[in-house]
Each structure stands twice: as C-alpha cells, then as structure tokens.
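J.: build me a model:
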Amino acid sequence: MRALHIITGLGVGGAEQQLRLLLRHLPASCDVVTLTNPGPVAEGLTADGVRVIHLGMSGNRDAGALPRLAKVIRAGRYDLVHTHLFRACLYGRIAARLAGTRAVVATEHSLGDTQMEGRPLTPGVRALYLTGERLGRATVAVSPSVAERLSRWGVPRQRIHVVPNGIDVERFRFDLRARITARRRLGLPDGAFVVGGVGRLAPGKRFDVLLHALAALPGDVRLLLVGGGPEEAGLRTRAARLGVADRVVFAGEQPYPGSYPGSCTGSYPGSYTESCPGEQPQPGARPQPSEGGTGLPALLAAMDVLASPSPEEAFGLAVVEGLAAGLPVLYVRCPAVEDLPPDAATGAERVTGDPDSFARALLRVRAAGVRPRPAREAAHRYSITRSAAQLMHVYEAAAFGPTPRVSS
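T.: Alright, predicted model coming up:
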C-alpha cells in the first residue's frame, strides 16, 4: 500500500514525533507532506528514508495550497491519504477529493473539552471540523475519551476508530549511566530530587503550576523542563520572581534521536526533500539509541518523578513515556491512564492540579525513597508495533472496503 501523510508542520511536538515513530513501524510505503515549518522532525524523517515534501503554505487562508496539494496527491497515485492536525485535516481532505482519492483517514491528536491543539473550541471551529470530517472515510481517535468527544460532536460512531498513540518501550528503559551523564551535563547535583515536566511550553500545559510548587519545596529539589515553546520566556521570568530560577533547568526541545543505519539525505530543487536512491531502511532495522546523556530517554532517566499539570490531554504521551522509564508520575488529566483498569495503572497518581496538591504529592514521592525502575505495565499496553498494526486495519478498510454512507 502507498500512503501519503499530510501534517500541518514538522516542528518538535507530540503529533509530529508520533508520526515519525509510526512510520518506522507501518508496513506501507509512505511519503509525508508538511504544509508549513519543515523543522527537526522533517530532518529526522528524511534521515529515516522517508520522502518529505514541503508545500510552503503561507497561512490559514492560502487557497493556492489546495491545487498544489491535489497535484502532489494525484502524481503520487496513493492508495490512501492520512491527515494529521486540524489545518492539514481540512486542506488534506479537500485536496484528496480534488485529486480523486476517496480513501482518506484523519487522526485527531489533540481534542480536549474546551480546546483543540491549544486553541479555544468555538462554534465556528466545530462546524468547520464537522464539514471537513464528512469528506473522509475514517477518523482515528488516540483514546476512548477523544472518541467519545467526537461522537458527542456528531461524528458517526461507525467512522470513529480508536488507535492509541504508541511508544518504543525499550528506548525508554532506565539506564543508570545515562542518568549520571545527563545530570552532569545539566549541572544537576547528584543528591538532588529532580521533578520533570515534558511537553510544549505553551499556556495549556500549565508548567507555571510546577514553578509555584517548587517554591514551596526544600532547596535540594530541582525542576527539569523538557520542551520549547512560546511560554519559555514567561516561565523564566516567573521562576525569577518566585526566587527559584537557580533551581530550574530548561532542557529545550528533544526530537526523538536515531536514524536507520545506512540512511543519507540530499536536497533537490523545489519543495522536495528525498532520501538517497537505493538506501531505504531494511525491514526490521531499528534506530540507534542516543548517547552521551542527551535525548528524551536520558533526560527521563535523570528525573526522580514526572509531573504533568495539564488539565486537558487527548492522550497523555509524556505520562506513558515516564511510566516506560519506570518513573512515578503525577498527573491532572491523562486518558491513556484513566482508560485502563486500575491494576494496570500502578505508578501513576492523579492530583487536583493546584500548586499545593503537587507540592504535597511530590513530598510523598520523595519520602518513599529510591525504588527499582522497570517499565510499568501501562507503558507496555501502548506498544508502537501494536498501534501500527491497528492502524493498518483501518487503512485496509478505508482503501478497499465499501464506501461508508453518511446521513445528511
């Protein structure tokens, strides 16, 4: 099967990095179109041997992007188009129709109760979403919670398929040497109790809650924030005002490391970036692990607990990665954990979300002392190979099954 993935951008983000990881495991020939921002994840995809096309879309109302995108779809003779994130879902579904491709699947990565991809959900956004959704054959929800929201919106249940985000559990296995190296590189004292936060530094993630909690904790507690975004300057200012700036480390964005052995890249004229001819990843080849105490797995190893203060998550990928690293996790909202049976979610504790509740919970974790750090059972339930297999079933039904009927 030949599939084209269309995504709004390829900067470092959960949906973008999930796409890269997924393509390493999908048994399909896949190309990727990014409407905007061919950032670090685009470079990583190219290193993996994936053809990446930058459409050069100038803004939300760049209508000229539609014929350009339809031309790419038509020329590629794809069996299926898979769209990711709101803008790409809207433009991608329309362009696929213009190109004569009706097998269209869309993944809803970031739909909360009151916001989508960090933006408020207005009646206009909802109406536009539902109009575009009718042009596809299937909508993938990353959790049962998202599936229920889509159904309440009016998306027909027979068109909704739950395919959870996946992770490579082995990549996050705790490594003592990586912990020591990462702490030294970041300037974290050996005896410090390190609280971690992972995600885009944006208002919806509410990392300011962790800064206020830190101010109420003993001086040997450190906060390690992994991610980048528009709130970084504000968080640094807030930390200074609270008197904890010297106890906060901003580690920046951390793209998933590693590339397939033998891959190389080259740039060609126009919007196309392709892998070198004849050097595709071999079946079963695995990315090389990160070294030198860098990358998200090493930074998770450097932490003693992961805290997720976001009140609206569609899945909660950072929480699952923390559980794969054997960390105790404190969270406000995490469908990936909440949708599991209670006995499968050990190691994760839900808190109310205010600074005091986080401070109290962090003190409890600290008092429990150092414990072994095997991957938690919940993490094993979200294997990327399982997610890829589930998605292929959706692809086959969309591409080769009967056309679903949608009532007016």
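
J.: list the residues that contact residue 388.
T.: 22, 25, 26, 27, 166 (C-beta atoms under 8 Å, 6 or more residues apart in numbering). For every residue, glycine as well, the C-beta is placed using N, CA and C.

J.: from these, list just the buried residues.
T.: Among these, those classed as buried by 16 or more other C-beta atoms under 10 Å are 22, 25, 26, 166.

J.: sorry, back to before: and the contacts of residue 388, which is closest to residue 140?
T.: residue 22 (11.0 Å; C-beta to C-beta).

J.: if I look at the closest residue to the closest one other than its chain neighbours, how far off is residue 96?
T.: Excluding the flanking residues, the one nearest residue 22 by C-beta to C-beta, 6 or more residues apart in numbering is residue 388, at 6.0 Å. Separation of residue 388 from residue 96 (C-beta to C-beta, to the nearest Å) stands at 22 Å.

J.: tally of neighbours for residue 74?
T.: Using other C-beta atoms under 10 Å, residue 74 has 15 other residues around it.

J.: from residue 4, how far off is it?
T.: 11 Å.

J.: one more: residue 113?
T.: Where residue 4 is concerned, residue 113 sits at a distance of 31 Å (C-beta to C-beta).

J.: quick one, which of the two is more surrounded?
T.: Between residue 113 and residue 4, counting by other C-beta under 10 Å, residue 4 is the more crowded of the two (28 against 11).

J.: which regions of the stretch 301-408 of the chain sit below the pLDDT cut-off?
T.: 402-408 (pLDDT under 70).

J.: can you give me the strands in it?
T.: 305-308, 329-331, 348-350 (DSSP state E, counting those that start in this stretch).

J.: need these in TSV with mean neighbour count and distance to residue 133, can you?
T.: Shown next, in TSV, are the strands of the stretch 301-408 of the chain (neighbours: other C-beta atoms under 10 Å; distance: least, C-beta to C-beta, whole Å):
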stretch	mean neighbour count	distance to residue 133
strand 305-308	26	29
strand 329-331	26	29
strand 348-350	19	31
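
J.: residue 296: which of those is closest?
T.: strand 305-308 (11.3 Å).

J.: which helices and strands sit right next to that closest one?
T.: strand 193-198, helix 317-324, strand 329-331, helix 355-368 (3 or more C-beta pairs under 8 Å, 6 or more residues apart in numbering; DSSP states H and E).

J.: can you show me the CA trace of that strand as CSV?
T.: Output of strand 305-308 as CSV, limited to C-alpha atoms (Å, rounded to 0.1, in the frame of the first residue of the first chain):
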residue,chain,number,x,y,z
VAL,A,305,9.4,11.9,39.2
LEU,A,306,7.4,13.2,36.3
ALA,A,307,4.7,15.8,36.8
SER,A,308,2.0,16.6,34.2
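
J.: state the helix or strand in which residue 10 lies.
T.: Counting by DSSP states H and E, no helix or strand carries residue 10.

J.: from residue 304, how far off is residue 312?
T.: 26 Å.

J.: pick out whichever of those two has more residues nearby.
T.: Per other C-beta under 10 Å, whichever of residue 312 and residue 304 has more neighbours is residue 304, with 20 against 17.

J.: so residue 139, which state does it fall into?
T.: What DSSP: H, G, I helix; E, B strand; the rest coil gives for residue 139 is strand.

J.: okay, now residue 111: neighbour count?
T.: 22.

J.: does it have beta-bridge partners, and which?
T.: Beta bridges link residue 111 to residue 116 when assigned by DSSP bridges.

J.: helices of the stretch 151-300 of the chain, start to end?
T.: 176-186, 208-215, 232-242, 296-302 (DSSP state H, counting those that start in this stretch).

J.: and residue 392, which of those is closest to it?
T.: helix 296-302 (26.4 Å).
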